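In: predicted model and sequence below, questions to follow.
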Amino acid sequence: MTVIRIISWNVNGLRAVYRKGFLDWFLEEKPDILCLQEIKARPEQLPRRLRHVDGYGSFFTPSSRKGYSGVAMYTRLEPESLRDGFGIERFDNEGRIQIADFDDFLLYNIYFPNGKMSEERLKYKLEFYDAFLEDVNREKDSGRNVVICGDLNTAHKEIDLARPRENSNVSGFLPVERAWIDKFIENGYVDTFRMFNKEPGQYTWWSYRTRARERNVGWRLDYFFVNEEFKEKVKRSWILSDVMGSDHCPIGLEIEI
């Protein structure tokens, strides 16, 4: 049996977090796979040290729009293949999707859209959710095990944010968004963090305003999910809340294969 450690982090700008010691943290942490969201850069805009990290293959999926969105994956394990979309251009061109085939499982590294900007963006977010669910269900129903990580941009339950009442009409905690997570789980997926930790006050994002992180007034927006059939392989799922550099902190998962 081999234990694989995967870390996921919305870095809110890879160049920005690089200037805050990201590479030192990465080389000390040494995950088998590191998934990043919101890198906000094309590969050619990154320092060479970020493009080529010793011992890792690196894969970048930028947005077609400069300085926006984008995901990246660093891995010690060679994926069989990697696709960077659902095959739907209006979702794929924002650089939100990486799906890597590691043989024993498919790894989805996803930066789900934020719906706060407008009604139109909320509609886009919900349609993205549905396109994702159709894609992952197709893989699961064909017999594949899946690991899904990233910034879901929604807190699922009242326990997942510090001020549920005040945010009940805010995108990220709207009934329609929370209901989609319920539907996702009903389709046969498990929120791995809640397998191990049922406590309140466990957050992954804090607003930069009003010293929210200092006071732990946050939201749990970042998740690792696995399909129900794969959950006995999950050995640990945790939040790395002491890692600074972004308005999000990283999250971790250990699986045994």
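Out: Here it is on my side, so go on.
In: where do the strands sit along the stretch 51-200 of the chain?
Out: Ranges of strands in the stretch 51-200 of the chain, per DSSP state E, counting those that start in this stretch, are 57-61, 71-75, 81-83, 97-101, 106-111, 146-151, 189-191.
In: let's have those strands in a markdown table, adding mean neighbour count.
Out: Backbone N, C-alpha and C define where each C-beta goes, glycine included. Output for those, formatted as a markdown table (neighbours: other Cβ atoms under 10 Å):
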| stretch | mean neighbour count |
| --- | --- |
| strand 57-61 | 19 |
| strand 71-75 | 23 |
| strand 81-83 | 14 |
| strand 97-101 | 22 |
| strand 106-111 | 24 |
| strand 146-151 | 25 |
| strand 189-191 | 20 |
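In: rebuild these as CSV, extending it with distance to Met117.
Out: Below are the strands of the stretch 51-200 of the chain laid out as CSV (distance: least, Cβ to Cβ, whole Å):
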stretch, distance to Met117
strand 57-61, 22
strand 71-75, 20
strand 81-83, 27
strand 97-101, 20
strand 106-111, 15
strand 146-151, 16
strand 189-191, 26
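In: please name the nearest non-neighbouring residue to Leu82.
Out: Ala100 (4.7 Å; Cβ to Cβ, 6 or more residues apart in numbering).
In: can you tell me the centre-most residue of this protein?
Out: Central residue of the chain (Cα atoms, centre = their mean): Gly150, 0.6 Å from the mean position.
In: tell me which residues touch the residue lying closest to it once chain neighbours are set aside, please.
Out: Excluding the flanking residues, the one nearest Gly150 by Cβ to Cβ, 6+ apart is Ile110, at 4.0 Å. By Cβ atoms under 8 Å, 6 or more residues apart in numbering, the contact list for Ile110 reads Gln37, Val71, Arg96, Ile97, Gln98, Phe132, Ile148, Cys149, Gly150, Asp151.
In: rebuild these as a markdown table, extending it with pLDDT.
Out: Formatted as a markdown table, those follow (pLDDT from 0 to 100):
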| residue | pLDDT |
| --- | --- |
| Gln37 | 98 |
| Val71 | 98 |
| Arg96 | 98 |
| Ile97 | 98 |
| Gln98 | 98 |
| Phe132 | 98 |
| Ile148 | 99 |
| Cys149 | 98 |
| Gly150 | 98 |
| Asp151 | 98 |
